[in-house]
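Chemist: only geometry, no sequence info:
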């Protein structure tokens, strides 16, 4: 009898078919001996979220606003109109992260969309430990992720790993474009982090990686760097780990 497997769309009593290199939602099958989590926008009529195995999805500022667009249904998170204000969503807690650790070989996926205005802001899509409330180009904690900062200024998404003291920053070559959907994925292990955007491998880091026992939450964070609101749209965060 085939062993049961689970996907983010449910339980299937079948052997896995060939998975794509990237998409854990439609293709990737997740065996029961790995830990699965998913948090997603759950209604096309309200800014509600559902979570499984993730401890919930919490806004990092004001509540999200339901937004229906061509690509799908998002929560839009908007900052206040004061430089340094933030918003976004944290899956798995922020002050006490609960998603995974590097030694458990996590693979994490985010589905987001930039807003129409991508000026005067910092965006982070990352696995982070602890509270990230200070607007800075260099995250202060052990972390791996993607950054866009108009302060630097970045024109492309930057991939980075940080061991709490030193950051390894890699230009992905993928431009940040207004009003555009991006699918991000990070696969993390003790000795490397691999970064994907829209199904393509765009960076690999083997230095300045977080310690093996670092506990993470999975976050999408936007900071405004001007006296004006800025926004980010989020649809889903999902992943698997040992």
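Modeler: Noted; the coordinates are in hand. Note that the structure is a prediction, hence the values are computed from the model and not measured. Residues are numbered from 1 along each chain as shown.
Chemist: which residues of the protein score low on pLDDT?
Modeler: For the chain, the stretches flagged by pLDDT under 70 are 1-33, 54-55.
Chemist: quick one, domains of it?
Modeler: Per the record's domain assignment (automatic domain parsing), the chain is made up of the domains 1-33, 35-241.
Chemist: which SSE is immediately downstream of the helix or strand hosting residue 125?
Modeler: Using DSSP states H and E, the secondary-structure element containing residue 125 is strand 121-128. Sequence-wise, the next helix or strand beyond strand 121-128 is strand 142-149, with elements assigned using DSSP H and E.
Chemist: can you show me the helices along the chain?
Modeler: Using DSSP state H, the helices of the chain do not appear at all; there are none.
Chemist: which one's the longest strand in it?
Modeler: strand 231-241 (DSSP state E).
Chemist: quick one: strands adjacent to that strand?
Modeler: Under the criterion DSSP bridges, strand 231-241 sits next to strand 35-41 (antiparallel), strand 72-78 (antiparallel), strand 107-114 (antiparallel) in its sheet.
Chemist: which of those strands sits closest to residue 132?
Modeler: strand 72-78 (14.2 Å; Cβ to Cβ). All C-beta atoms are positioned from the backbone trio N, CA, C, and that covers glycine.
Chemist: how about residue 160: what's its closest non-neighbour residue?
Modeler: Nearest residue to residue 160, sequence neighbours excluded (Cβ to Cβ, 6 or more residues apart in numbering): residue 169, at 4.8 Å.
Chemist: how far away is the one you found from residue 223?
Modeler: Applying Cβ to Cβ, to the nearest Å, the value for residue 169 to residue 223 is 18 Å.
Chemist: more neighbours: which of these two?
Modeler: In this comparison of residue 169 against residue 223, neighbours counted by other Cβ atoms under 10 Å, the higher total goes to residue 223 at 26 against 17.
Chemist: list the buried ones in stretch 129-146?
Modeler: Under the neighbour-count criterion of 16 or more other Cβ atoms under 10 Å, stretch 129-146 has 129-130, 132, 135, 139-146 buried.
Chemist: what comes into contact with stretch 91-98?
Modeler: Applying Cβ atoms under 8 Å, 6 or more residues apart in numbering, the external contacts of stretch 91-98 come out as 37, 39, 51, 54-58, 60, 99, 128-132, 215-219, 237.
Chemist: 6 Å - rerun?
Modeler: Stretch 91-98 has contacts (Cβ atoms under 6 Å, 6 or more residues apart in numbering) with 39, 54-55, 57, 99, 129, 131, 215-218, 237.
Chemist: same deal with stretch 233-242?
Modeler: Applying Cβ under 6 Å, 6+ apart, the external contacts of stretch 233-242 come out as 8, 24, 30, 34-41, 72, 74-76, 89, 91, 100, 104-113, 218, 220.
Chemist: now do stretch 134-152
Modeler: Outside of stretch 134-152, the residues within contact range by Cβ under 6 Å, 6+ apart are 84, 119-130, 154, 157-159, 161-162, 164, 167, 176, 184, 186, 188, 193, 210, 214, 223, 225.
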